[in-house]
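I would like the atomic coordinates for the input below:
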Amino acid sequence: MNLLWARPGRVGGSEDYFVRQLLGLREVSSEFDLTAFVLPGFEDAHPELAGCRFVTAPLSGQQRPVRVAMEHSWLAREARRRRMSLVHHGGGSVPAIGVQPAVLTVHDLQWHEYPQYVAPLKLRYLRWSTPRSIQRARVIVTPTEFVKRTVVDAYGVDPARIVPVLLGMEPELGAAATDEGTLRARYGLGSGPIVVYPAMTHPHKRQDFLVDLVAGPWADITLVLTGGEGSAEGALRKRIDARGVRHRVIRTGRVPAADRDGLIKMAMAVAFPSEYEGFGAPALEAMALGTPLIASDRGSLPEVVAGAGLVLPLEPDAWAGALHTVGLRRAELVAAGRARVAEYSTRRSAEDLLGAYRLALS
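Model (predicted):
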């Protein structure tokens, strides 16, 4: 498994997706002997994966061109030396040189639909590399049926080559959650209700949409934005200042898993106004932790939520009364969320992934 693209703590949900797949693969007996090729610091960042076999690349991983070059050189040599039967590339590209057959995970085609959100150099690279990678891969894995359809539509891929492998949610999620009192003191949350949005500040995540709600109809809550800094960070800071809500928008940055789970558990709701998601792990995390979800009707979110939360058009008027609705329907939404998340286990995710491997080798 090629995870050289996964800079620990810097790539958001795609890293969590693979961590949960590795957790699931430990639960399932199979004919496969898995080795994950990772960057320095990956093992330390994920002690929950103790027991998995890792090979750490001899590079820092800070520069993308260097990581790409390593996939074409060091990774290719290591895979041959270790006599790998199959290589699963998790970062959306398949090197021109390397062991075949290859399995490719395409997390999403967000850049295809919203090219204005991508830096010009990266956009040119994606437009060049993605169709070539899809052609080189024997099997393509997607996190949802939505992404499968977008790959078929964009590149004319035979649907039989694409295997959706859903995110698996670990059953012990939230067991070590930080308690509410500690979190309120640690992050200065006061005593009132909070709404949480766990996401990096990329433009399509639309934290600005929630800031405007806090400045208007959501004036009685504190908005807690967790996650690392993305390309919309500067614009978001300016928006918060312009709307005069700095005292009610708490920026935590990336938080430990225990704090993330505790914040979601104590929240009035998890808000997810993203313009595009290939999956959207926070939706399932909210369901698993017993917190109502308010999500946009964009991308894969209607498929993932499937009636277990409020799915609304990304318009201020549609969201203005959402917290009132959550208050009225809280017990119903929590029960529906727990039923929905039960369909997403790490074991099922691992079994689906193993099916993709078998298809690639058939």
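
A helix includes Ile240, no?
Yes: going by DSSP: H, G, I helix; E, B strand; the rest coil, the assignment for Ile240 places it inside a helix.

ok, Ala335 to Gly321 distance?
22 Å (Cβ to Cβ, to the nearest Å). (Each C-beta comes from the backbone N, C-alpha and C, glycine too.)

can you give me the strands for the stretch 251-362 of the chain?
With DSSP state E, counting those that start in this stretch, the ranges of strands along the stretch 251-362 of the chain come out as 269-272, 293-296, 310-312.

any residues touching the second one, and which ones?
By that I understand strand 293-296. Strand 293-296 is contacted by residues 206, 269-275, 280, 283, 286-287, 301, 305, 308-314, 319, 322-323, 326, 333, 337 when judged by Cβ atoms under 8 Å, 6 or more residues apart in numbering.

hang on, isn't Gly24 packed against Gly168?
Yes: applying Cβ atoms under 8 Å, one finds Gly24 in contact with Gly168, separated by 4.7 Å.

any residues in contact with both of those two?
Common neighbours of Gly24 and Gly168 (criterion: Cβ under 8 Å, 6+ apart): 345-350.

I'd like those residues as a markdown table, with pLDDT, neighbour count and distance to Leu213 appended.
Conversion of the shared contacts of Gly24 and Gly168 to a markdown table gives the following (pLDDT from 0 to 100; neighbours: other Cβ atoms under 10 Å; distance: Cβ to Cβ, whole Å):
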| residue | pLDDT | neighbour count | distance to Leu213 |
| --- | --- | --- | --- |
| Ser345 | 91 | 19 | 34 |
| Thr346 | 91 | 22 | 34 |
| Arg347 | 91 | 16 | 38 |
| Arg348 | 92 | 17 | 35 |
| Ser349 | 93 | 24 | 33 |
| Ala350 | 94 | 22 | 38 |
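
restricted to helices, list those.
Among the shared contacts of Gly24 and Gly168, the ones falling in helices (DSSP state H) are 346-350.

what residues does the closest residue to Arg248 other than its chain neighbours make contact with?
Spatially, and ignoring its direct neighbours in sequence, Arg248 is nearest to Thr222 (5.2 Å; Cβ to Cβ, 6 or more residues apart in numbering). Neighbour list for Thr222: 189-190, 192-195, 248-250 [criterion: Cβ under 8 Å, 6+ apart].

same list (those) but as a markdown table, adding secondary structure and distance to Pro115.
Converted to a markdown table, the contacts of Thr222 look like this (DSSP: H, G, I helix; E, B strand; the rest coil; distance: Cβ to Cβ, whole Å):
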| residue | secondary structure | distance to Pro115 |
| --- | --- | --- |
| Leu189 | coil | 37 |
| Gly190 | coil | 41 |
| Gly192 | coil | 40 |
| Pro193 | coil | 38 |
| Ile194 | strand | 35 |
| Val195 | strand | 31 |
| Arg248 | helix | 34 |
| Val249 | strand | 29 |
| Ile250 | strand | 32 |
